[in-house]
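Asker: Whatever this is, show me its structure:
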Amino acid sequence: MQTIPQSYILLLAIFTIVTAISVLIQAGVLLGMFIVLRKSMVKMQAVVDEVKEKALPAIATTRTLLEDLTPKLKSATADLTEVTHTARIQVKNVSESLDDVLAKANAQINRVDHLTTGAIDAVDHASKAIENAVAVPVKHVSGLINGLKAGVESFVSGRRNSSRSRFEPETVIVPERTGGFEEQKTVVEFSEKKQA
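Answerer: Predicted structure coming up:
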């Protein structure tokens, strides 16, 4: 058999002592944790008991209140739904009435516009017709008077000169556009005769 060296035994003894001390320290820590945990559990139990005393009645009251309010909330929701439906129907009726009123108003506005336009056109046409009825004869009479005047002057000047008139009447027809109507205007002019 072999003999174990002395240093090896010493190392083994130190290792064993260190291990034993570590185990004792670990046991002390575990014991301390147990004591602290036990105290915490006692405090936690006190808090849980207090919560049970105060919270459970509040929870029960809340539950009772919810049971009482549930039918009322359902009824209020049903009423609100009915009111909303009725309001939508009324809004639709009002919208249809306004659309009808607007359509009738537009029809009346168009009718008044047509009447006004027709009246303005009739007045315009009547004023042009009156203007033509008065202006055309006045122009004809004016042209005739100018022609007669020129003829008389020619006649008078011809007697003075005792020769034949050197003026020759010339009729010119000029188309004229007044107020949208075309009319013919007769103008009598006297021009000098060309001597041959």
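
Asker: all helices for this protein, in order.
Answerer: 6-161 (DSSP state H).

Asker: Under the pLDDT cut-off, which ranges of it? List them.
Answerer: Scanning the chain for pLDDT under 70 picks out 1, 159-196.

Asker: at 80 instead, please
Answerer: Along the chain, segments meeting pLDDT under 80 span 1-4, 131-136, 158-196.

Asker: Kindly tell me how buried Ala150 is, as a neighbour count.
Answerer: 15 (other CB atoms under 10 Å). Where you see a C-beta, it was placed from the backbone N, CA and C, and this is true even at glycine.

Asker: measure it to Gln45 for me?
Answerer: Applying CB to CB, to the nearest Å, the value for Ala150 to Gln45 is 142 Å.

Asker: Also Glu96?
Answerer: 72 Å.

Asker: swap in His85?
Answerer: 57 Å.

Asker: With Thr84 instead?
Answerer: Thr84 is 54 Å from Gln45, by CB to CB.

Asker: can you check Leu65 too?
Answerer: Leu65 is 30 Å from Gln45, where distance means CB to CB.

Asker: Show the contacting residues for Ser127.
Answerer: Under the criterion of CB atoms under 8 Å, 6 or more residues apart in numbering, Ser127 has no contact partners.

Asker: Using PDB, write out every CA atom in stretch 94-114.
Answerer: Presented in PDB, the C-alpha positions along stretch 94-114 are these (Å, rounded to 0.1, in the frame of the first residue of the first chain):
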ATOM      1  CA  VAL A  94     -87.500  68.000 -44.800                       C
ATOM      2  CA  SER A  95     -84.800  67.400 -47.500                       C
ATOM      3  CA  GLU A  96     -87.500  66.300 -50.000                       C
ATOM      4  CA  SER A  97     -89.700  69.300 -49.100                       C
ATOM      5  CA  LEU A  98     -86.800  71.700 -49.600                       C
ATOM      6  CA  ASP A  99     -85.900  70.000 -52.900                       C
ATOM      7  CA  ASP A 100     -89.500  70.400 -54.000                       C
ATOM      8  CA  VAL A 101     -89.600  74.100 -52.900                       C
ATOM      9  CA  LEU A 102     -86.300  74.700 -54.800                       C
ATOM     10  CA  ALA A 103     -87.600  73.100 -57.900                       C
ATOM     11  CA  LYS A 104     -90.800  75.200 -57.800                       C
ATOM     12  CA  ALA A 105     -88.700  78.300 -57.100                       C
ATOM     13  CA  ASN A 106     -86.400  77.600 -60.100                       C
ATOM     14  CA  ALA A 107     -89.500  77.000 -62.300                       C
ATOM     15  CA  GLN A 108     -90.900  80.400 -61.300                       C
ATOM     16  CA  ILE A 109     -87.600  82.100 -61.700                       C
ATOM     17  CA  ASN A 110     -87.300  80.600 -65.200                       C
ATOM     18  CA  ARG A 111     -90.900  81.700 -66.000                       C
ATOM     19  CA  VAL A 112     -90.300  85.200 -64.800                       C
ATOM     20  CA  ASP A 113     -87.000  85.300 -66.800                       C
ATOM     21  CA  HIS A 114     -88.900  84.200 -70.000                       C
END
